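In: Need coordinates for the following:
(one chain, ligands or ions: 1)
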Amino acid sequence: MAKNLVVGVDVGGTKILSCVIELGDKFKILSRVKKKTKPELGLEGVLERINQTITESIQESKINKKQIKAIGMGFPGTVDQAKGEVLMAANLGWKNFLLRPVLEKAFKIPVLVINDVNAGTYGEQQYGAARGFRDVAGVFWGTGVGGGLVIDGRVIEGAWHSAGEIGHICLNPDGPRCACGNNGCLEAYTGKAALTNQIYQEMKNGRPCSLEFSEENEQVTLKSSLISSAYLAGDPLVKEVVHQATRYLGVGMANIVNLLNPQCLVLGGGMIESMHKTLAPMIDEHMRRHLFPSTNVELRIAGLGDYAVVIGAGVLALAEGK
Ligand SMILES: [Zn+2]
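Out: I've put the predicted structure just below:
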């Protein structure tokens, strides 16, 4: 039987990852190529880098291109999956760009383009922590808070291609400004950018903290690894800010569960990877306080790491025959 070989691509704001993957009962990563995205090069430049990354991953896999059935690509932004059009990718500066035909012309292989967080949630549902569950919500806690929904085994894209934007559930209409332009979104309380700002403001008010902000990076979002090492070392200010965020995250997740009743919530992202042992039970407890009485849900920690998006996009591309 012919093997199910696909290329899975994860285009991010800072890096592009392309893998040739063999899909069966399990998945097998046959090659892995990572390059910087360099959004400053503009659309043509980024497109060229995407093409190079895919090409090199195929070369490295030693698989004949003709054996590859599809390319699945997770893209950071709002994507019209049926058309393969990137409607909006704020961190790359792309708007209304028909990506799929361009890639199909370049590689002569069917291509599917999907929002990256949707792909990641689907990857976890197919091969990761949520395998075996039909209704799954993914929550990815990093610079922002990304979300994805798989209901009845299908990725939910919504009428305007932005379903599952869990980070923009409003927790308080008078709350802090969010990157999306609204106020009081979950992300405006819990995203790493918000946490960095909270820590910075407290330090300016004289609170001691082990983290340092230099003149030039005072506006720059702290890396998850810096926040987690300060947290795990017991820094009181960092602990306070992070604990407060787990409360908001728990409330946001309870809202999703009360609305959709998924069987499983997958929790991942940079903030969770190194701190899940401590934070997941807190988030779980906060969430359960706000659940509708008859509701239950299983909270699982994302298991595929870097590969969730490439696998999810690859599986979907294969399943849809493109
Ligand atoms: Zn928002």
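In: Quick check, pLDDT for the spatially most central residue of the chain.
Out: Nearest residue to the geometric centre of the chain (CA atoms, centre = their mean): V117, 3.9 Å. At V117, the model reports a pLDDT of 97.
In: Same check on the one 3 residues further on?
Out: Model confidence at G120, given as pLDDT, is 98.
In: how much space between it and P101?
Out: Distance of G120 to P101, given as CB to CB, to the nearest Å: 25 Å. To be clear about C-beta, it is placed using only N, CA and C from the backbone, and glycine gets the same treatment.
In: Touching, M287 and N258? I think so.
Out: No - M287 is beyond contact range of N258, at 10.1 Å (criterion: CB atoms under 8 Å).
In: Have a look at these two and say which one is more surrounded.
Out: Neighbour totals were compared for M287 and N258, and M287 leads with 23 against 13 (other CB atoms under 10 Å).
In: Give me the three-state assignment for the more buried one.
Out: helix (DSSP: H, G, I helix; E, B strand; the rest coil).
In: May I have the residues that are in contact with it?
Out: M287 makes contacts with 249-251, 253-254, 257, 265, 297, 299, as judged by CB atoms under 8 Å, 6 or more residues apart in numbering.
In: who wins for neighbours among the residues you listed?
Out: Busiest of those [other CB under 10 Å] is M253, holding 29 neighbours.
In: what are the ranges of the strands in the stretch 101-250 of the chain?
Out: 111-115, 136-141, 145-151, 154-155 (DSSP state E, counting those that start in this stretch).
In: so which of these gets nearest S228?
Out: Closest to S228 of the strands of the stretch 101-250 of the chain, according to CB to CB: strand 136-141, at 11.5 Å.
In: Show me the contact partners of the closest one.
Out: Outside strand 136-141, the residues that touch it by CB under 8 Å, 6+ apart are 117, 120-121, 124-125, 130, 145-150, 164, 166, 190-192, 249, 252-253, 256-257, 260, 262-272, 302.
In: Tell me which of those fall in helices.
Out: 117, 120-121, 124-125, 190, 192, 249, 252-253, 256-257, 260, 270-272 (DSSP state H).
In: Now the closest residue to the ion within the stretch 201-322 of the chain. Nearest residue, chain neighbours left out?
Out: In the stretch 201-322 of the chain, the residue that lies nearest the ion is G252 (11.4 Å; CB to the ion). The shortest distance from G252 to any non-neighbouring residue, by CB to CB, 6 or more residues apart in numbering, is to L186 (4.0 Å).
In: how far away is the one you found from the ion?
Out: 8 Å (CB to the ion, to the nearest Å).
In: so how many other residues sit close to that residue?
Out: 31.
In: got a list of what it touches?
Out: 145, 166-171, 248-249, 251-252.
In: In terms of pLDDT, where does it sit?
Out: We have a pLDDT of 98 for L186.
In: ditto for E212
Out: pLDDT for E212: 84.
In: What of K34?
Out: The score at K34 is 98. That number is its pLDDT.
In: correct me, but it touches K15?
Out: Yes - in this structure, K34 is within contact of K15 by CB under 8 Å, at 5.7 Å.
In: Flag the shaky bits of the stretch 151-300 of the chain, pLDDT-wise.
Out: In the predicted model of the stretch 151-300 of the chain, residues 214-219 satisfy pLDDT under 70.
In: can you list the residues of it near the ion?
Out: Within the stretch 151-300 of the chain, the residues that sit near the ion (CB under 5 Å from the ion) are 168, 178, 180, 182, 185.
In: how about stretch 10-19: buried residues?
Out: 10-12, 16-19 (16 or more other CB atoms under 10 Å).
In: which ones are touching I151?
Out: Shown in contact with I151 (CB under 8 Å, 6+ apart): 134-135, 260, 262.
In: Farthest pair within the residues you listed?
Out: It's R134 and L260 that sit farthest apart of these, by CB to CB, at 12.0 Å.
In: Chain neighbours aside, what residue packs nearest to P208?
Out: In this structure, P208 finds its nearest non-sequential neighbour in L237, 7.1 Å apart by CB to CB, 6+ apart.
In: need the contact list for that neighbour.
Out: L237 neighbours (CB under 8 Å, 6+ apart): 199, 202-203, 207-209.
In: again, 6 Å this time
Out: Going by CB atoms under 6 Å, 6 or more residues apart in numbering, L237 touches 202, 207, 209.
In: Tell me, how many residues neighbour the last one?
Out: Yep, that's C209 we're talking about. For C209, using other CB under 10 Å, the count is 16.
In: Name the nearest residue to it, sequence neighbours excluded.
Out: L237 (4.5 Å).
In: Can you read off the pLDDT for the residue in the stretch 1-150 of the chain that the ion sits nearest to?
Out: The minimum distance from the stretch 1-150 of the chain to the ion, using CB to the ion, falls at G144 (8.3 Å). At G144, the model reports a pLDDT of 91.
In: do the same with F27
Out: pLDDT for F27: 97.
In: Lovely, talk soon.
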